[in-house]
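> Fold the following and give me the result.
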Amino acid sequence: MQYMMLIYLDEKALSEAEREECYLDSAQYAHKLEQAGKYLLAAPLQPASTATSVRVRDRQPLVTAGPFAETHEQLGGFFLVEARDLNEAIEIAAQIPAGRWGTVEIRPVIEVPSLPEKSPAPAVESEPARSTY
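Numbering: from 1, shown residues only. Below is the predicted model:
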């Protein structure tokens, strides 16, 4: 079963050095998960100030700059993994480096057979990420 692991933390909780260390530790952990056949995808996210929220009301999109709601912790990144069950997902989540500063929420992914098959995304070159992962 696939599990999405959403990483929430205070964007200002990490120094730049801690953030870089977290990126390196997370990449190493992703490689460890890949070797175990558990890794599907992971990525840090840009800060919440770069977010755009879209709500549809009366069939009209309402676009708002910023995240959906003001919170103490923001969504900073994610891991998508394959795990036997919730217990194994908890074991995996407990080792995600950013969990030292925040919270890792685990959610099972619903399999919808009519969705398109996944394919590798094309590489996109951009500026270095400045996220809170």
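> The residue at minimal distance from the centre of the chain - nearest residue in space that isn't next to it in sequence?
The centre of the chain sits closest to Phe78, judged by CA atoms, centre = their mean, with a distance of 1.5 Å. Nearest non-adjacent residue to Phe78, counting by CB to CB, 6 or more residues apart in numbering: Leu6, 5.4 Å away. Any C-beta I mention is one placed from the backbone N, CA and C, and that applies to glycine too.
> Contacts only, for that neighbour.
By CB atoms under 8 Å, 6 or more residues apart in numbering, the contact list for Leu6 reads 75, 78, 104-105, 107.
> pLDDT below threshold where in this protein?
For the chain, the stretches flagged by pLDDT under 70 are 67-71, 119-133.
> Could you name the residue of it that is farthest from its center?
The chain, CA atoms, centre = their mean, max distance from centroid: Asp58 (30.6 Å).
> Mind putting the contacts of Leu6 into TSV with distance to Ala51 and secondary structure?
Formatted as TSV, those follow (distance: CB to CB, whole Å; DSSP: H, G, I helix; E, B strand; the rest coil):
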residue	distance to Ala51	secondary structure
Leu75	8	strand
Phe78	14	strand
Val104	20	strand
Glu105	17	strand
Arg107	19	strand
